[in-house]
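Trainee: need coordinates for the following:
(4 chains)
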There are 2 protein chains.
Amino acid sequence: MPDDLLTIGELAHRTGRRASSIRYYEEIGLLPEPVRMGGQRRYDSGAVRTLTVIDTAQRAGLALDEIRSLLDAVPGGDAAAVEQLRRIAERKLPQLIAMIERAALVRQWLESAARCECPSLDDCVLFGDAALPAVR
Amino acid sequence: MPDDLLTIGELAHRTGRRASSIRYYEEIGLLPEPVRMGGQRRYDSGAVRTLTVIDTAQRAGLALDEIRSLLDAVPGGDAAAVEQLRRIAERKLPQLIAMIERAALVRQWLESAARCECPSLDDCVLFGDAALPAVR
DNA sequence: GTGCGGGTTCAAGTTGACTTGAAGTCAAAG
DNA sequence: CTTTGACTTCAAGTCAACTTGAACCCGCAC
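Mentor: Here you go, the predicted model:
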């Protein structure tokens, strides 16, 4: 019977990433070096979990080095890691909220643009100074 | 009395961009080549307007080559340009809406994370499969 | 043996939107 | 006359997150 360790290809398949990304994550210290069998990387279920964490955190808008600082606190996945997560979340939240607000404005602008009947762009209110207020 | 034409530095100052960006925009065909006085670029108010359009469109999430296709239709700024704008808006809107929805999910996730009391990341629901549903 | 489909390394390329650096010009101020 | 500051060009560097390419190994089916 086959071992329950995964090759990099199988891991990639299960986690929906490319093998090259997984090697890259290892290179930048996001994933620990896996065991080798005959030179090839073999991964246990911990790797699947870590990749899930990476995926989730990434979709939460965290950059890879932020994710690394999260993961660095993890071995043990203990209270310190949770605390780190909280700090990162608190720092990221206002940024995300600002982004959502700006996107909402842009959405209104695009909706107006899709309905625009102006004969010329030059006198279209859409490009007036107040049409799309800056949020930055 | 000074001419009403602006140097690149003045234009940059008025539009809040760097002179290097303005040269770059010219290079990629986003801005027309301005007149020169003694080798230096001089801009009229049309350039201010065009940069405003670029700024607005960019904050609306359009890439520079999309903005160029918008601007290409503009000379005259006529009905065709407006039509082009409408088409681009209609194409961009669904993408933006999806982005906003995903951002809202991520926001909830981060808010939970900021309040997280889990003793360990390993059994934190935040990293469960269903914690942050994929939208892509 | 030969081909296939994995795997391996390392370096270099990709994308978008710029910025930076080096080396030079030019006009006005001191 | 020299310095200062703003301008000029062109090439190259930056950032993030990967991907791609070249050249190689390795086991298994035919």
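
Trainee: for the residue most central in space within chain A, list the residues it contacts.
Mentor: Of all residues in chain A, the one closest to the mean position by CA atoms, centre = their mean is residue A:58, 1.6 Å from it. Shown here is residue A:58, whose contacts under the criterion CB atoms under 8 Å, 6 or more residues apart in numbering or on different chains are A:64, A:67. From N, CA and C alone the C-beta is placed, and that goes for glycine too.

Trainee: so which helix or strand takes in it?
Mentor: Under the criterion of DSSP states H and E, residue A:58 resides in helix A:45-59.

Trainee: output the following helix or strand past that helix as PDB, restricted to C-alpha atoms.
Mentor: The C-terminal neighbour of helix A:45-59 among helices and strands, as given by DSSP H and E, is helix A:64-72. Provided in PDB are the C-alpha atoms of helix A:64-72 (Å, rounded to 0.1, in the frame of the first residue of the first chain):
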ATOM      1  CA  LEU A  64       3.100  36.700   1.800                       C
ATOM      2  CA  ASP A  65       5.500  38.300   4.300                       C
ATOM      3  CA  GLU A  66       2.600  39.000   6.600                       C
ATOM      4  CA  ILE A  67       1.500  35.500   6.300                       C
ATOM      5  CA  ARG A  68       5.000  34.400   7.100                       C
ATOM      6  CA  SER A  69       5.000  36.400  10.300                       C
ATOM      7  CA  LEU A  70       1.800  34.700  11.200                       C
ATOM      8  CA  LEU A  71       3.100  31.300  10.400                       C
ATOM      9  CA  ASP A  72       6.400  31.900  12.200                       C
END
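
Trainee: just confirm yes or no for helix A:64-72 near DNA strand C.
Mentor: No. Using CB under 7 Å from any atom of the strand, no contact is recorded between helix A:64-72 and DNA strand C, whose separation bottoms out at 14.4 Å.

Trainee: does the helix holding residue A:58 reach DNA strand D?
Mentor: Yes. Using CB under 7 Å from any atom of the strand, helix A:45-59 reaches DNA strand D at residue A:58.

Trainee: so that helix versus helix A:64-72, what angle?
Mentor: Relative orientation of helix A:45-59 versus helix A:64-72 (axes from the mean of the first three to the mean of the last three CA atoms, to 10 degrees): 140 degrees.

Trainee: only the buried residues of helix A:45-59, if you could.
Mentor: In terms of neighbour count (16 or more other CB atoms under 10 Å in any protein chain shown), helix A:45-59 has its buried residues at A:47, A:50-57, A:59.

Trainee: just give me how far it sits from the chain centre.
Mentor: What separates the centre of helix A:45-59 from the centre of its chain is 10 Å, taken as CA atoms, centre = their mean, to the nearest Å.

Trainee: and which of the buried residues of helix A:45-59 is nearest to DNA strand D?
Mentor: Checking these against DNA strand D with CB to the nearest atom of the strand, the nearest one is residue A:54 at 7.8 Å.

Trainee: which residues touch the closest one?
Mentor: Residues in contact with residue A:54, defined by CB under 8 Å, 6+ apart, are A:25, A:30, A:67, A:71.

Trainee: quick revisit: do you know the pLDDT at the residue nearest to the centre of chain A?
Mentor: The score at residue A:58 is 84. That number is its pLDDT.

Trainee: for it, give its distance to residue A:64.
Mentor: 7 Å (CB to CB, to the nearest Å).

Trainee: residues from chain A in reach of DNA strand D?
Mentor: Counting by CB under 7 Å from any atom of the strand, the residues of chain A that sit close to DNA strand D are A:17-18, A:20-21, A:23-24, A:38-39, A:58, A:63-65.

Trainee: switch to 6 Å and redo it
Mentor: Applying the criterion CB under 6 Å from any atom of the strand, the portion of chain A that neighbours DNA strand D consists of A:18, A:20-21, A:24, A:38, A:63-64.
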